[in-house]
Each structure stands twice: as structure tokens, then as C-alpha cells.
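Novice: sequence unknown, structure follows:
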């Protein structure tokens, strides 16, 4: 059996792959030309399978991608091919959930306003305060990140409700788990709405003026998933009109957010520059290797792979 790695990994990372793949020939391609020369014999691959490589991948059965979100990775030929694709889902769960919960805590305690007063050198007490145990956390998309966020919300005593495209068994720390068709119910009941959905045709523009209009005037909208999920023009209009209390955004329809965008000047908004998945040095790299080597071990043993992607959902 042959496995192709492209782009190339470091010698230390290749050693980790070799440690779980006795008897497997590993090609650690240093260039696309080298990858093209090897792809015809590869049964498995880790890395970037371009359309040109796929056209020559006559023996390829499994592709492990180095990323989680595949909306810019997947293409029609790969989706239509028999190649099984697995991704890096779950390696960012805890850090992105921490980021989302930080927005919740800052809004609940008024830190978004106190920080602005600090910068202005103003000593002024008093902001709206929310007691989290009296609040409902609504999670759009109870996948890995949503699940970790639900645990954090429940730890603060919140009522936790969630929607999921394919809901399974309801975890104990989730009070209500609904299909995606009940999004409107979630929006109407939540004090903090957090988008955790992947980017698919069904989630592009999912939250627009009509959906924001269903939220409580005292509620906050938080997006740590994909920028295209929330329509920024509709959000800005709602914020300026006071139809919702505020918004926390790490992702945007347009990135970087333009310098003159009205979101920069709104006091009821917290903006971060698409950094929710940032972690301490080396942690994500090792999680990628653990996912790759774990799945390779399963593949060689004929066991089910983790993080297998429904390729058709991305089209």
C-alpha cells in the first residue's frame, strides 16, 4: 500500500506516520510534480488533492484533509468520486467554544461597555447585567463546537437549547434539541444566539433580517462559524435600530472587515479578526497529527474512520 503526503510534512511528523503504518510506502512529496508522479499508485493521501491530482488518482480510496471546513476545498469532481474524505473536525472545538463563551460572559457583565469607558478614561458605573442562570443559550448547530459550548453554558447554569441538521440523542447538558427546521423557535426563546454551523448551501445567508426580527430586543447574536451565515447589512440595521441588544463576531461576509464599516463604531458590538481557533503553540499541529495517525491506524485495520465527510452536503 502507498500513502501520498502533499504538501510535505516535517521529518518528525513523517516519523509519527511511519510509527503506525508498518509495511506502508510513504511518499512525502516536496512538490506538486513529485505528487503527480506518485498519486497514480497511492491508495491513501493526506493533504491537498487538487483536480489535476484527482484526475490521475486511479487507485485512491481515502483522503484525509488537513483542515476542518471544506467549503473552499471540495469541488464537484471530488464530490462525485468514490474517494472517502475525512476532515479535521473536532481539533478546534474547545478553543472556539471558549471564544464564544467569552462573548457571552462579556455581554452578560457589560465588559464591552466598561472597556470603552476604560479607553476613554471615564469612571462610570452601571451597564445592563444578565444573570446567566436566568438566561437561555441558543446554539445553531450542535456539532463538535456547539456541543462543547453547550457544556460551558450548562456549567454556568444556563438553559441550553440547540438545533442540528441531523439531531441524534440529546445530551444531558442540553435542555432541548430540535431539527434545523425549528430555528425560528430557537431565535425567539434565546437570550444569546450562537451560530456554530458549517458553511453549506443551506447555511449561506441563514440569519437575515427576518430571522433577527424574531430575536428578543434584549438578546445577543454571536457568530463564530462562517461569515456568510449572517447577513451583515441586516445585522447592522438591527443593531442601529436597537432591535437586538448586541453582537459578537469573529467571522464576516467580507474579510478583513473594511475600515469604514459601521460595525467598528457600534458600542454594542465585540469584533475579533477570525482568531477563535488560535491556540497555544504546537497544540493544533499535534492534534492534526493525532487525527491523521489515528485514522490511518483505523484504515489499515479495516475499522470505520473518524470525521468522514458527507461530500454532497457541500453542494
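Specialist: That came through fine. Bear in mind that the values here come from a model prediction, so they are computed numbers and not experimental data.
Novice: what sits against the nearest residue to residue 277 once chain neighbours are set aside?
Specialist: With sequence-adjacent residues excluded and distances taken as CB to CB, 6 or more residues apart in numbering, residue 277 is closest to residue 92, at 4.4 Å. Yep, even glycine has a C-beta here, placed from its N, CA and C like the rest. Residues near residue 92 by CB atoms under 8 Å, 6 or more residues apart in numbering: 68, 145, 276-277, 279, 284.
Novice: what of residue 306?
Specialist: So residue 306 contacts 86, 291, 294-295, 298 (CB under 8 Å, 6+ apart).
Novice: one more time with 7 Å, if that's ok
Specialist: 86, 294-295 (CB atoms under 7 Å, 6 or more residues apart in numbering).
Novice: buried members of those residues into ChimeraX, please.
Specialist: Buried residues among the contacts of residue 306 (16 or more other CB atoms under 10 Å), as a ChimeraX selection:
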select :86,295
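Novice: list the contacts of the residue nearest the centre of the chain.
Specialist: The centroid of the chain falls nearest to residue 225 when counting by CA atoms, centre = their mean (4.7 Å). Counting by CB under 7 Å, 6+ apart, residue 225 touches 141, 195-198, 251.
Novice: not counting its neighbours along the chain, what's nearest the residue of the chain most remote from its centre?
Specialist: Distance from the C-alpha centroid of the chain peaks at residue 123, with 38.0 Å (CA atoms, centre = their mean). Nearest-residue entry for residue 123: residue 117, 7.6 Å, with adjacent residues in sequence omitted and distances by CB to CB, 6+ apart.
Novice: what comes up buried for the helix or strand encompassing that neighbour?
Specialist: Residue 117 is part of helix 111-120 when elements are defined by DSSP states H and E. Using 16+ other CB under 10 Å as the test for burial, helix 111-120 gives 111-114.
Novice: which residues in the stretch 1-150 of the chain form helices?
Specialist: With DSSP state H, counting those that start in this stretch as the criterion, the stretch 1-150 of the chain has helices at 11-19, 32-39, 51-56, 76-80, 93-109, 111-120, 144-155.
Novice: buried set for stretch 209-224?
Specialist: For stretch 209-224, burial by neighbour count (16+ other CB under 10 Å) applies to 211-212, 214-216, 219-224.
Novice: distance from the chain centre to it, please.
Specialist: Put simply, stretch 209-224 sits 20 Å off its chain's centre (CA atoms, centre = their mean, to the nearest Å).
Novice: name the nearest of the contacts of residue 306 relative to residue 157.
Specialist: Distance to residue 157 across the contacts of residue 306 (CB to CB) is lowest for residue 294, with 35.1 Å.
Novice: residue 43 and residue 296, how far apart?
Specialist: 11 Å (CB to CB, to the nearest Å).
Novice: compare those two (neighbour count), which wins?
Specialist: residue 296 (21 against 16; other CB atoms under 10 Å).
Novice: residue contacts, that one?
Specialist: Residue 296 is in contact with 17, 20-21, counting by CB under 7 Å, 6+ apart.
Novice: from those, which is closest to residue 229?
Specialist: residue 17 (35.1 Å).
Novice: ok, the closest one touching residue 294?
Specialist: No: in this structure, residue 17 is not within contact of residue 294 by CB atoms under 7 Å, at 11.2 Å.
Novice: mind listing the strands for the stretch 101-250 of the chain?
Specialist: For the stretch 101-250 of the chain, the strands defined by DSSP state E, counting those that start in this stretch occupy 136-140, 159-164, 176-179, 192-195, 220-223, 246-249.
Novice: packing partners of the last one?
Specialist: Contacts of strand 246-249 with other secondary structure elements, assessed using 3 or more CB pairs under 7 Å, 6 or more residues apart in numbering; DSSP states H and E, are made with helix 93-109, strand 220-223, strand 269-271.
Novice: over to the first one?
Specialist: Packing partners of strand 136-140 (3+ CB pairs under 7 Å, 6+ apart): helix 144-155, strand 159-164, helix 183-189, strand 192-195.
Novice: just name the most buried of the ones you listed.
Specialist: Greatest average neighbour count among those goes to strand 192-195 (a mean of 27), per mean count of other CB atoms under 10 Å.
Novice: parallel or antiparallel, which strands does it pair with?
Specialist: Strand 192-195 has these partner strands in its sheet, going by DSSP bridges: strand 136-140 (parallel), strand 220-223 (parallel).
Novice: closest one to residue 182 among those?
Specialist: Nearest to residue 182, of all the strands paired with strand 192-195, is strand 136-140, at 10.6 Å by CB to CB.
Novice: next, the angle helix 144-155 makes with the closest one.
Specialist: Here strand 136-140 runs at an angle of 170 degrees relative to helix 144-155 (axes from the mean of the first three to the mean of the last three CA atoms, to 10 degrees).
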